[in-house]
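# structure for the following, please:
(chains A, B, C and D)
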There are 2 protein chains.
Amino acid sequence: MPGHQREEEADITRLRAAGLRVTAPRVAVMEAVREGDHPLVDDIAVAARRRIGSVSTQAVYDVLHALSGAGLVRRIEPAGSPARFEARVGDNHHHLVCRCCGAVTDVDCVVGQAPCLEPASAAGYEVDEAEVVFWGVCPDCTEMSSIEERETS
Amino acid sequence: MPGHQREEEADITRLRAAGLRVTAPRVAVMEAVREGDHPLVDDIAVAARRRIGSVSTQAVYDVLHALSGAGLVRRIEPAGSPARFEARVGDNHHHLVCRCCGAVTDVDCVVGQAPCLEPASAAGYEVDEAEVVFWGVCPDCTEMSSIEERETS
DNA sequence: CGCTTTTCTGGACTCGTTCAAGCATTCGGA
DNA sequence: TCCGAATGCTTGAACGAGTCCAGAAAAGCG
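Just a heads-up that it's a prediction; the model follows:
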């Protein structure tokens, strides 16, 4: 698959551009984050190992730390859930989180630009980011619970 | 202080209205949450103990769980920070969080109502809440870091 | 080639939070 | 006013996610 190849090269370019050394674990982790759907650290470790044989868990943490520091991946951490990562950076999108299973879905910014980025009053803070999380129940879990209700009755 | 007395009775009334039993720990925790500024569990435990002598940490957790379940307090959990609680419930306000010290400040909703509550596309989710967190650096920390810069130079 | 950064092994450790079992309370009804 | 059942509290232990540590080995890149 030439697609994979090209993605990998793009990642390598991005790493270099960010002033980071290019290593197998880093590339594998970037791929894993991009291909996964808001994966957990563990998911990333598994996916990365599938690519390059073996990587230590600590290396995965280190790499994710370096990558998110450089802005190549974004760390999201919905309340009550372990950290998740995503490759979609630089655009102002938000998240839908399932109260039930913790699934995360991207959703484009409601207003598109300024209003959702500016608090009414900054109270002296130097604001640099607005994070929006919509809480709800995902389609799967909604269905799940309606099935259970049917069984219980 | 008659003010305290009255607040306490209001809390008791709220507890009853929510169908919760009235116990010393519950009242003390409610007071502590209301008087603190987005306190941590530990802050709440300390404040509650100051009121009624002693409460176990677990009781504080249980009570906070019950209270937030009943909608009498709200749990907020900014990424990378332990859980905090606030008594201001029912209105649609958001939070400013300091990247540096973790301080939380209330901020009224930008739009006031609907727009900030509706995602562009709900992707099949049954959305029940929109949480907005503005990330930045609080006045204190801004000052702090500018002082440090001065010292280093 | 050699210096520097990164990764590895592997473990110990912190922190916030939750679980489990028994004891103590609250509160509605008699 | 008192009693009994449901509920809440206590103690103590455990958990999960994540961090940090150290030294040794490996790899990138000038």
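# those residues of chain A touching DNA strand C, which are they?
Where chain A comes near DNA strand C, counting by CB under 7 Å from any atom of the strand, the residues are A:20-21, A:23, A:25-26, A:54-56, A:58-59, A:62-63, A:66. Quick note: C-beta positions are derived from backbone N, CA and C, even for glycine.
# as CSV, these with neighbour count and secondary structure would be great.
As requested, the residues of chain A next to DNA strand C are exported to CSV (neighbours: other CB atoms under 10 Å in any protein chain shown; DSSP: H, G, I helix; E, B strand; the rest coil):
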residue, neighbour count, secondary structure
A:Leu20, 16, coil
A:Arg21, 8, coil
A:Thr23, 14, coil
A:Pro25, 19, helix
A:Arg26, 23, helix
A:Ser54, 9, coil
A:Val55, 22, coil
A:Ser56, 11, coil
A:Gln58, 9, helix
A:Ala59, 18, helix
A:Asp62, 14, helix
A:Val63, 25, helix
A:Ala66, 17, helix
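# and the helices in chain A, which stretches?
A:2-17, A:24-35, A:41-52, A:57-69, A:139-152 (DSSP state H).
# can you pull the contacts of A:Ser145?
A:100, A:137 (CB atoms under 8 Å, 6 or more residues apart in numbering or on different chains).
# any idea how far A:Cys138 is from it?
Separation of A:Ser145 from A:Cys138 (CB to CB, to the nearest Å): 11 Å.
# what is in contact with the two at once?
With CB under 8 Å, 6+ apart as the test, A:Ser145 and A:Cys138 both reach A:Cys100.
# so where's chain A uncertain?
Chain A contains residues with pLDDT under 70 at A:1-5, A:110-120, A:148-153.
# which among the residues of chain A next to DNA strand C are in contact with DNA strand D?
Okay, of those touching DNA strand D (CB under 7 Å from any atom of the strand), that's A:21, A:23, A:58.
# just the residues you listed now: which is nearest DNA strand D?
Nearest to DNA strand D among those is A:Arg21, at 4.0 Å by CB to the nearest atom of the strand.
# distance of the closest one from chain B?
Remark: distance between A:Arg21 and chain B (CB to the nearest CB, to the nearest Å) = 26 Å.
# which one is that residue nearest to, not counting chain neighbours?
Nearest non-adjacent residue to A:Arg21, counting by CB to CB, 6 or more residues apart in numbering or on different chains: A:Leu15, 7.4 Å away.
# A:Gly19 now?
A:Ala70 (7.5 Å).
# ok, now which ones touch the one you found?
Here A:Ala70 is in contact with A:18-20 (CB under 8 Å, 6+ apart).
# have a look at chain A and report its longest strand.
If each strand of chain A is counted by residues according to DSSP state E, the longest one is strand A:126-137.
# so for that one, what gets flagged as buried?
Neighbour-count burial for strand A:126-137 flags A:127, A:130-137 (criterion: 16 or more other CB atoms under 10 Å in any protein chain shown).
# output the set of residues of chain A in proximity to DNA strand D.
So far as CB under 7 Å from any atom of the strand goes, chain A lies against DNA strand D at A:16, A:21-24, A:40-41, A:58, A:61, A:65, A:77, A:82-83.
# of all pairs in those residues, which one is the farthest apart?
Using CB to CB, the pair of these lying farthest apart is A:Arg16 and A:Pro82, separated by 30.3 Å.
# find the closest residue to DNA strand C in chain A.
For chain A, CB to the nearest atom of the strand, closest residue to DNA strand C: A:Ala59, 2.3 Å.
# now that residue: closest residue in space, sequence neighbours ignored.
The nearest residue in space to A:Ala59 (CB to CB, 6+ apart) is A:Pro25, at 5.0 Å.
# surely that neighbour touches A:Tyr61?
No: in this structure A:Pro25 lies outside contact range of A:Tyr61 using CB atoms under 8 Å: 10.8 Å.
# can you pull the contacts of A:Ala66?
Neighbours of A:Ala66 in contact, by CB under 8 Å, 6+ apart: A:20, A:26.
# how about stretch A:35-44: buried residues?
A:36, A:38-39, A:41, A:43-44.
# which of those residues lies closest to DNA strand D?
Closest to DNA strand D, out of all of those and judged by CB to the nearest atom of the strand, is A:Val41, at 4.6 Å.
# contacts only, for that closest one.
A:Val41 neighbours (CB under 8 Å, 6+ apart): A:57, A:60-61, A:64, A:82-83, A:85.
# drop anything exposed from these.
Here, 16+ other CB under 10 Å leaves A:60, A:64, A:83, A:85 buried among these.
# could you dump those to TSV with distance to chain B?
Formatted as TSV, the buried ones among the contacts of A:Val41 follow (distance: CB to the nearest CB, whole Å):
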residue	distance to chain B
A:Val60	18
A:Leu64	14
A:Ala83	8
A:Phe85	12
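# before I go, just wanted to say thanks for your time.
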